[in-house]
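Chemist: Predicted coordinates and the sequence they were generated for:
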Amino acid sequence: MDFITGLPNSNGKEVIFVVVDRLSKYSHFMPLPHSFNAPMVAQLYLDQVFKLHGWPRSIVSDRDPIFLSQFWKALFTLHGTDFLLSSAYHPQTDGQTEVVNRCLEAYLRCMCADSPKEWCAWLPLAEWWFNTHYHSALQATPYEVVYNQPPPLHLPYLPGECAVAAVDRSMQKRELMIAKLKESLLRAQCRMKQLADKHRSDRVFQLGDWVWLKLQPYRQSSVRIRTNQKLASKYFGPFQIIECVGKVAYKLQLPDDAKIHNVFHVSQLKMFVGDSPVSVSCPDWITVSAKTAMLKPYAILDTRMVKVHNAPQIQYLVQWEGHSIPEATWEIAAEFVIKFPEFVGVHQT
């Protein structure tokens, strides 16, 4: 499961909820408004996916707040579903939907590049053609795998076959889009396979090994911290491997006050060569003990109402501890209250 965001508003929808079956590759593409929540996504799953396929045995996804919410976990746990969340800095764990997302985006780009606000109307056609397209990995189409029969034969439309002008134009446009879809899908699959094979390498570590950990130059915190991490070292540690999680993920012994998940994909690790270290190096921002790791609010200086994705949002102008008033930043009020519930005694001016 995954979400495609950042789309233009189309009939009140700005997000696509993508669900892919790992066995058959059968996919469902469902539009959502921008302001969606866990109950809304769960209801959409029940309406569009559950009625056809039932409850899943397990769900592979990234660590989106929807998939980490108590409502979502409670609903699916009651039906015996396991959650397989991607490890830190390795979105390839959820690579199945990432690949489908790219194919779907290529579909919509061909279909409605000239009129992007019409993508919602083309979504059912994109879903049909993805599920009835031949997959080299399956040696069949997803439709055949699920329904045990070939998809209904598509009869090409000949211009002028229908006397109604509006229908004739629509059918000709559909034939053109179908041809573009087939070409784009084949080109995207070949390109992604070549790129993935080019960078693959085999790495195996043992329990107790010391490894360097590669971390990206951005933080897990939603609060904007002004200290620049772009030029910081990419590898930190070394850290000791304390558990092997499957074949390609390892759990590391991070500092007790670390704020990031301690399971990492093998691609983020590099073997430490030398004597066992006495101490380890960590970026300041992964621990709560560092002075610059987490900004703390000092005062709320002002409030304002802004429009975000056509919805009103209240923002606070927050002055942070150890920073001057000119360095104050505008923060979304709802997120600020959730992140700093213990903040009291603020000074509004």
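Modeler: Structure's in. What do you need? Numbering: from 1, shown residues only.
Chemist: what distance separates the start and the end of stretch 13-28?
Modeler: End-to-end distance for stretch 13-28, by CA to CA, to the nearest Å: 16 Å.
Chemist: swap that for stretch 80-97, sorry
Modeler: Start-to-end, stretch 80-97 (CA to CA) is 22 Å.
Chemist: Equivalent analysis for stretch 253-272, please.
Modeler: Start-to-end span of stretch 253-272 (CA to CA) is 14 Å.
Chemist: Show me how far that stretch is from its chain's centre.
Modeler: On the basis of CA atoms, centre = their mean, to the nearest Å, stretch 253-272 sits 21 Å off its chain's mean C-alpha point.
Chemist: And for stretch 24-33?
Modeler: With CA atoms, centre = their mean, you get 14 Å for stretch 24-33.
Chemist: Ok, stretch 24-35 next?
Modeler: Distance, centroid of stretch 24-35 to centroid of chain: 13 Å (CA atoms, centre = their mean).
Chemist: could you give the mean pLDDT of that stretch?
Modeler: In this model, stretch 24-35 carries a mean pLDDT of 89.
Chemist: So what touches that stretch?
Modeler: 3, 5, 10-21, 40-41, 44, 48-49, 100, 104, 120, 123, 126-127, 130-131, 135, 137-138, 142-143, 145-146, 309-311 (CB atoms under 8 Å, 6 or more residues apart in numbering). (Each C-beta comes from the backbone N, C-alpha and C, glycine too.)
Chemist: now the end-to-end length of it.
Modeler: 31 Å.
Chemist: Over to stretch 78-85?
Modeler: Rule used - CA to CA; the end-to-end distance of stretch 78-85 is 18 Å.
Chemist: Go through it and flag the buried ones.
Modeler: residue 85 (16 or more other CB atoms under 10 Å).
Chemist: ditto for stretch 103-113
Modeler: For stretch 103-113, a neighbour-count test (16+ other CB under 10 Å) marks 103, 104, 105, 106, 107, 108, 110, 111, 112 as buried.
Chemist: ok, back up a step: could you list which of the contacts of stretch 24-35 belong to strands?
Modeler: 3, 15, 16, 17, 18, 19, 20, 311 (DSSP state E).
Chemist: so where's the protein shaky on pLDDT?
Modeler: 88-95, 153-157, 216-233, 276-294, 344-349 (pLDDT under 70).
Chemist: Going along the chain, name the strands of it.
Modeler: 2-4, 15-20, 27-32, 58-61, 82-85, 210-214, 235-245, 249-252, 263-265, 269-271, 297-308, 311-320, 329-332.
Chemist: what ranges do the helices span in the stretch 151-300 of the chain?
Modeler: For the stretch 151-300 of the chain, applying DSSP state H, counting those that start in this stretch gives helices covering 165-198.
Chemist: Next, the contact list for residue 76, please.
Modeler: Taking CB under 8 Å, 6+ apart, one finds 55, 56, 59, 83 in contact with residue 76.
Chemist: and with 7 Å instead?
Modeler: residue 59 (CB atoms under 7 Å, 6 or more residues apart in numbering).
Chemist: Now tabulate the strands of the chain in JSON lines and tack on distance to residue 151.
Modeler: Formatted as JSON lines, the strands of the chain follow (distance: least, CB to CB, whole Å):
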{"stretch": "strand 2-4", "distance to residue 151": "24"}
{"stretch": "strand 15-20", "distance to residue 151": "18"}
{"stretch": "strand 27-32", "distance to residue 151": "14"}
{"stretch": "strand 58-61", "distance to residue 151": "26"}
{"stretch": "strand 82-85", "distance to residue 151": "30"}
{"stretch": "strand 210-214", "distance to residue 151": "44"}
{"stretch": "strand 235-245", "distance to residue 151": "39"}
{"stretch": "strand 249-252", "distance to residue 151": "37"}
{"stretch": "strand 263-265", "distance to residue 151": "36"}
{"stretch": "strand 269-271", "distance to residue 151": "44"}
{"stretch": "strand 297-308", "distance to residue 151": "42"}
{"stretch": "strand 311-320", "distance to residue 151": "40"}
{"stretch": "strand 329-332", "distance to residue 151": "46"}
